[in-house]
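Visitor: have a look; sequence and predicted model below, questions after that.
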Number of protein chains: 2
Amino acid sequence: MGKFLTTREENYSQWYNELVVKADLAENSAVRGCMVIKPYGYAIWEKMQAALDTMFKETGHVNAYFPLFIPKSFFSKEAAHVEGFAKECAVVTHYRLRNKADGSGIEVDPDAKLEEELIVRPTSETIIWHTYKNWIQSYRDLPILVNQWANVVRWEMRTRLFLRTAEFLWQEGHTAHATKEEAVEETIRMINVYATFAENFMAMPVIKGVKTENERFAGALETYTIEALMQDGKALQSGTSHFLGQNFAKAFDVKFNSKEGALDYVWATSWGVSTRLMGALIMSHSDDNGLVLPPKLAPHQVVIVPIYKGNDQYEIMREAGNKIKAQLKELGITVLFDDRDTQKPGWKFAEYELKGVPVRLAIGARDLENGTVEVARRDTLEKQTLPLDGIANVVKQLLDEIQNNIYKKAFNYREDHTYKANSWDEFVDILETKGGFVYAHWDGTKATEDIIKEKTKATIRCIPEGNAMEAGKCIYSGKPSTQRVIFAKSY
Amino acid sequence: MGKFLTTREENYSQWYNELVVKADLAENSAVRGCMVIKPYGYAIWEKMQAALDTMFKETGHVNAYFPLFIPKSFFSKEAAHVEGFAKECAVVTHYRLRNKADGSGIEVDPDAKLEEELIVRPTSETIIWHTYKNWIQSYRDLPILVNQWANVVRWEMRTRLFLRTAEFLWQEGHTAHATKEEAVEETIRMINVYATFAENFMAMPVIKGVKTENERFAGALETYTIEALMQDGKALQSGTSHFLGQNFAKAFDVKFNSKEGALDYVWATSWGVSTRLMGALIMSHSDDNGLVLPPKLAPHQVVIVPIYKGNDQYEIMREAGNKIKAQLKELGITVLFDDRDTQKPGWKFAEYELKGVPVRLAIGARDLENGTVEVARRDTLEKQTLPLDGIANVVKQLLDEIQNNIYKKAFNYREDHTYKANSWDEFVDILETKGGFVYAHWDGTKATEDIIKEKTKATIRCIPEGNAMEAGKCIYSGKPSTQRVIFAKSY
């Protein structure tokens, strides 16, 4: 199949674009910047959703749903927030179409103009805090631990499937607390949930840390992030959790009576991950033959392909295939038995390699005679012939091994592409020739951060959790610094 | 609690509106016609989604996601469709806001006008069939059995929580087939899935049938429906499944090569249910004390309320309550153990009655001494004291009994409010004084249907499945008729 995909070395970006389409994950739609998520891609997203939703509920959260539209005036209420989002908003101005007078089609009815325009939500802090005002009077009403699964729209000018689209799917948690401490604790709890999800389900190692002021969410006092490294040496911000302080409570006048009888503004957090994670998943593990999926998120963990000639052999294979399938299902493994006669085995092998099915079992007439089956694993492309007897348990173990192996591989890649730079030349050289995460000293100013970005395209991905304090000099300005931060080019 | 809710007899409509808000199901938002679905309401919707999604997958469907926005020109392509939806569309005309020159806030940036306006989807046939054109070349690509969970917008002028809102949540299935027969079969399969879901999960009896031409979906050749009867004698259309013929394939030029080598247009179906089902659920079973929920859709099937004084008793109750909770959970029952000390037992009893928790267990000090527990069921409001020993199995059986009982109650209500009318006077009298389903003869013309609606507000809900053929005369025109159809006032 290699020849059907541009290789990563030839053109990483093109490899990604081709893979997303050819593996039936997503495609561009008739609407600029909006994607169609195809069934195979959506099945992976559903598995992500299910795992995350369980983790949210285990940490005490409940789901709710707030309106798609936000009145324009709400946006002006939090100054930083409007600055961050106003330039990329889809705006609803009318609520009716009508037939053109000349019968040539339909047009917007000018009589159906809205008094106040509505913004299609780019994120829901404003409409939610407007709602919370009515939900919160006393400390007894707190905390509110709500999550929403929804679509949002940000009118991006340059879009790429999953990584940056005008409409995307996500979840956004919006919590309200009586104390600062509790809100900070929640912010950190949720970045930890994201990190656990990324590592345990996506098999994607991440670095947790906080953003610099430059890179903070519009309206946040602190933004926590998880950062992953893609195979082209670029970072991908994979999830963020924001401590919003009392900014939105003040903007929407949300106060509560404390246990002690004082009236105070409510403390807030918000946190989200999106279909962007699909892009991260694809780029973390896949190779020139196609997708490589972690077994925990693969729609089909195993595919069984029978090899046969004629109807008699087919009947035997069908029976044998269904028997193996039943054994695997009993162990909770999702299995596709592809006994279609419209496609040849070789075509199927290539197809499931492209689609990243973790384990492929092939059974032919000779296998059945010998009581064996050919087992191929997608991550290493290794094949071996194993006894049919007890195969289900062997496959179950193999799936665990694959899950661990692709994590380890991604982890090693990241370690191999993590550097310390001690001079500007070294810094620039690493970014230009190797990519990856670069730990370097920074003087803590926005000005320096901006100029480094301008000169190298690299940004500070985060100040990592538990960072070692180390006296040094800023890589660019030479001014004193107390710790290294992580720079990288990014998506 | 009765005094907190308007009774159904006093004012049914007000009873409904109050119940939805007081039971924390939903509320109106700052955006006209759009609702906030609160966590307790959303938890019920999630249970509905999970059950339906499983049924869709068991019948071979997969989920996908298509854009929120539809180019305006797509709407003109199917004549009946645009006629049906153009008058209630939210239209996006711009993609950016800017600061006002005088610094007084933000405004729509006139330079960011879209070349072609985008419609927020009221339903997705057009964008999906535009997409299917690229997915379908040959009979090998068929059938396509896709479902989408999404939000849609229809700019209704008069809205009511859950029943009719500008934005609502739903699922929409869109399938493509090689033959007419297969598409018709799919249309019927899905109305059967809806009927099974309504009866088995919602405990809501429904009548299956087909719509008259008047009431068909805009663009369909045949619309199948399930109709339920609410406690005020009005019908509620609860789900529809449409046979679309080749209309959308022709509008979007979707052809395929058949097995025989001929080129033909693809056959289509679409089918959907929405958060409107929440309204149906509420109105089917609830009473003047609040919600009554079928155990299969209740977020908490059982609530345990401890009655205690002081810390010592509390510790004992906590242990006893958690023990019962664990026993119930082991049987797969969802349990809330409400041991909050911020509210009194009486307040809790009223709260969970209002929220429709099917079974309430109360434990006091004397109960523990005697080894008993008080069991109250929400549907009949009956209480009994039962041995603690073996209580989990008793509760499990009770939940089944409640599920069956509320179905039976709703079924009996419907039977008691189903009539045959043989004269116009009788017809009008039933509709005015009793409500309910009225089986009556109709001459089969749109003109008669329209005038009956004008005079009585009743519409033909459906021509029921397996309807008995019976010669008669139209209730209004006196012209010959071959069968009775079902009339009712409706939501």
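Guide: It's in. Just so you know, these numbers come straight off a predicted model, no measurement behind them. Residues are numbered from 1 along each chain as shown, chains lettered A, B, ... in the order given.
Visitor: elements contacting the helix or strand hosting A:Phe487?
Guide: Element membership of A:Phe487, judged by DSSP states H and E, is strand A:480-488. Strand A:480-488 is packed against strand A:222-229, helix A:424-433, strand A:437-441, strand A:459-464, strand A:469-473, with contacts defined by 3 or more CB pairs under 8 Å, 6 or more residues apart in numbering or on different chains; DSSP states H and E. For every residue, glycine as well, the C-beta is placed using N, CA and C.
Visitor: please redo it, this time with the cut-off set to 6 Å
Guide: strand A:437-441, strand A:459-464, strand A:469-473 (3 or more CB pairs under 6 Å, 6 or more residues apart in numbering or on different chains; DSSP states H and E).
Visitor: show me what the second one is packed against.
Guide: Applying 3+ CB pairs under 6 Å, 6+ apart, one finds that strand A:459-464 makes contact with strand A:207-210, strand A:222-229, strand A:480-488.
Visitor: mind listing what's buried in it?
Guide: A:459-464 (16 or more other CB atoms under 10 Å in any protein chain shown).
Visitor: name every strand pairing with it and say which way it goes.
Guide: According to DSSP bridges, strand A:459-464 has the following sheet partners: strand A:207-210 (antiparallel), strand A:480-488 (antiparallel).
Visitor: burial measure for the residue lying closest to A:Glu449 once chain neighbours are set aside, as a count.
Guide: Using CB to CB, 6 or more residues apart in numbering or on different chains and skipping residues adjacent in sequence, the residue nearest A:Glu449 is A:Asn214, 5.3 Å away. Using other CB atoms under 10 Å in any protein chain shown, A:Asn214 is surrounded by 12 other residues.
Visitor: need the three-state assignment for A:Asn214.
Guide: Assigned by DSSP: H, G, I helix; E, B strand; the rest coil, the conformation of A:Asn214 is helix.
Visitor: show the average pLDDT along stretch A:151-164.
Guide: Averaged over stretch A:151-164, pLDDT sits at 95.
Visitor: for A:Ile207, list each beta-bridge partner.
Guide: Residues in beta-bridge contact with A:Ile207 (DSSP bridges): A:Glu227.
Visitor: pretty sure it contacts A:Pro464?
Guide: Yes - using CB atoms under 6 Å, A:Ile207 makes contact with A:Pro464 at a distance of 5.4 Å.
Visitor: how about JSON lines for the strands paired with strand A:459-464, with mean neighbour count and mean pLDDT added?
Guide: Shown next, in JSON lines, are those (neighbours: other CB atoms under 10 Å in any protein chain shown; pLDDT from 0 to 100):
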{"stretch": "strand A:207-210", "mean neighbour count": "20", "mean pLDDT": "98"}
{"stretch": "strand A:480-488", "mean neighbour count": "20", "mean pLDDT": "97"}
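Visitor: go through the ones you listed and name the closest to B:Lys446.
Guide: Closest approach to B:Lys446 among those (CB to CB): strand A:207-210, 65.3 Å.
Visitor: what does the domain assignment say about chain A?
Guide: A:2-68+A:127-285, A:300-401, A:418-488 (automatic domain parsing).
Visitor: now tabulate the ones you listed in TSV and tack on distance to B:Gln148.
Guide: Below are the domains of chain A laid out as TSV (distance: least, CB to CB, whole Å):
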stretch	distance to B:Gln148
domain A:2-68+A:127-285	9
domain A:300-401	21
domain A:418-488	35
